[in-house]
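Engineer: I'll drop the sequence and a predicted model, then ask my questions.
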Amino acid sequence: MSPLRRSLYAVVPTVLALLVLSPSTAVRAEPSAAEIQQRINTESRTLSRIVEDYNKVREQLKQTKAAAARHAATLPALEQRLGAAERDIQQIALTAYKTGHLREVDALLSAGRQGALLDRLSPLDQLAKRRQEQVRGYAAARQQYLAEKRKLDNLLAKQNIQMRDLAARKVKIEKDLEKLFELRRQAYGQAQETGSRYTGTIPAISGSAGVAVRFAYNAIGSPYVWGAAGPNGYDCSGLTKAAWRAAGKSLPHNAAMQRDATAYINQSQLMPGDLVFYSGLGHVGLYVGNGKVIHAPTFGQNVTLADVGVMPIHSYGRVR
C-alpha cells in the first residue's frame, strides 16, 4: 500500500468521527435574507396590531380623563346649589318659628300633605309654594350631585385599570421591538431604513383635503415611530391624524376609531384626502389620487408613497 493511501485511510475515520460528534456544525446555516424578511413581515403584522390596540386604549383613556374633568368641573356648582338649598331650609324653619306657623310650614314641607294644607291656608299659599320649590331644588341638586359623583368615581376606576393595561402593553411592545430591530439588522445591517423626502410634484387639490394631502407628501421619508403623530415620526393612524389635524379636523389616534369617525364610501367614490383602511382595521393610509396612498408602513420603515392595493383593503372613509 502506498504511503498516500495509508495517510487517507488514517484521516477518513477522524473526519467521520468529527461529523458524528458535531452534526449541527456540518448542517447549520445562517437564515437567508428571504427567511429573515418573512420573519420580519410576520412580526411586523403582529406587532402593528398590538400598537393599534395600544393606541385605542390610549384614546379611550384620553376620553375618560376628559369626561372626568368635565364632571369634576360641575361639582363646585352643585355644591353651591346644595349650600343654597340648605340655607333656604334653615330660613323656612326660622320663619316658621318667628311667625308661629311651625306646624303648618312643617306640613307644607312634608311629602303628600302640601295640596290639602294649601287649600286651608291661603295666606301662606305663596310662601309655601316658594318654599316647596326650594326644597325640590335641594332634592334635585342632591340627587344630581350624587349621580355625578358616582359617575366620576366609576370613570376614575376605569382609568386606573386602563393605565395598568397601558403600562403592560408598553413593556411588551418595547421587548418585541428589540427582537424586530435585531432581525432588521441581520437582514439589512441597520434597524431603520434610510429614507429621503419627496421631491416630486405634489398634486394641486383644493380645500381641506388638499391640506391633508400636502402634509402627507411632506411627511414622506419620516420614520415609523409607534404611538407617534409627528413631527419626528408617525405610526399609520398617527400619520392620518396629523395630516387631517393640519387641515383643522380632529381624528382619534387609532385606525378602527378613525373608521368609526369617518363616513363610509365605496371605491368608486374615492377622492384625495380619503382614508383607506387595511388588514381588518389594523392599518390605515391617506389616499392622494392616481391610485396611490401615503402611509407609515411598519417598524424600521419610513412614510412612503405606495399603490392603494399595497395590502388587502378593508374599507374606505371620508373625513367629515
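Structural biologist: Sure, I can see it.
Engineer: quick one: mean pLDDT for stretch 51-65?
Structural biologist: Mean pLDDT, stretch 51-65: 89.
Engineer: contacts for that stretch, please.
Structural biologist: 155, 158-159, 162-163, 165-166, 169-170, 173, 226-227, 235-238, 252-257, 281-283 (Cβ atoms under 8 Å, 6 or more residues apart in numbering). Using the backbone N, CA and C atoms, a C-beta is placed for each residue, glycine as well.
Engineer: CA atoms only for it, dumped as CSV, please.
Structural biologist: What follows is stretch 51-65, C-alpha atoms only, in CSV (Å, rounded to 0.1, in the frame of the first residue of the first chain):
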residue,chain,number,x,y,z
VAL,A,51,-49.7,49.0,18.6
GLU,A,52,-53.1,49.9,17.2
ASP,A,53,-54.7,48.2,20.2
TYR,A,54,-52.4,50.3,22.4
ASN,A,55,-53.5,53.4,20.5
LYS,A,56,-57.1,52.6,21.0
VAL,A,57,-56.7,52.1,24.8
ARG,A,58,-54.8,55.4,24.9
GLU,A,59,-57.5,57.2,23.0
GLN,A,60,-60.2,55.8,25.4
LEU,A,61,-58.1,56.8,28.3
LYS,A,62,-57.9,60.4,27.0
GLN,A,63,-61.7,60.4,26.6
THR,A,64,-62.1,59.1,30.1
LYS,A,65,-59.8,61.8,31.5
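Engineer: return the distance of it from the chain's centre.
Structural biologist: 3 Å (Cα atoms, centre = their mean, to the nearest Å).
Engineer: may I see the PyMOL selection of the buried members of the contacts of stretch 51-65?
Structural biologist: To isolate the buried ones among those in PyMOL, judged by 16 or more other Cβ atoms under 10 Å, type:
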select buried, resi 155+159+162+169+173+226+227+235+236+237+238+252+253+254+255+256+257+281+282+283
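Engineer: only alpha carbons, please: show stretch 285-297 as PDB.
Structural biologist: In PDB, the C-alpha atoms belonging to stretch 285-297 read as follows (Å, rounded to 0.1, in the frame of the first residue of the first chain):
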ATOM      1  CA  GLY A 285     -53.300  55.200   4.800                       C
ATOM      2  CA  LEU A 286     -54.200  58.500   3.100                       C
ATOM      3  CA  TYR A 287     -55.400  58.400  -0.500                       C
ATOM      4  CA  VAL A 288     -53.700  61.000  -2.600                       C
ATOM      5  CA  GLY A 289     -55.100  60.300  -6.000                       C
ATOM      6  CA  ASN A 290     -54.000  58.300  -9.100                       C
ATOM      7  CA  GLY A 291     -54.300  55.000  -7.300                       C
ATOM      8  CA  LYS A 292     -51.800  56.000  -4.600                       C
ATOM      9  CA  VAL A 293     -51.700  56.200  -0.800                       C
ATOM     10  CA  ILE A 294     -49.200  57.700   1.600                       C
ATOM     11  CA  HIS A 295     -48.800  55.600   4.700                       C
ATOM     12  CA  ALA A 296     -46.500  54.700   7.500                       C
ATOM     13  CA  PRO A 297     -45.900  51.000   6.800                       C
END
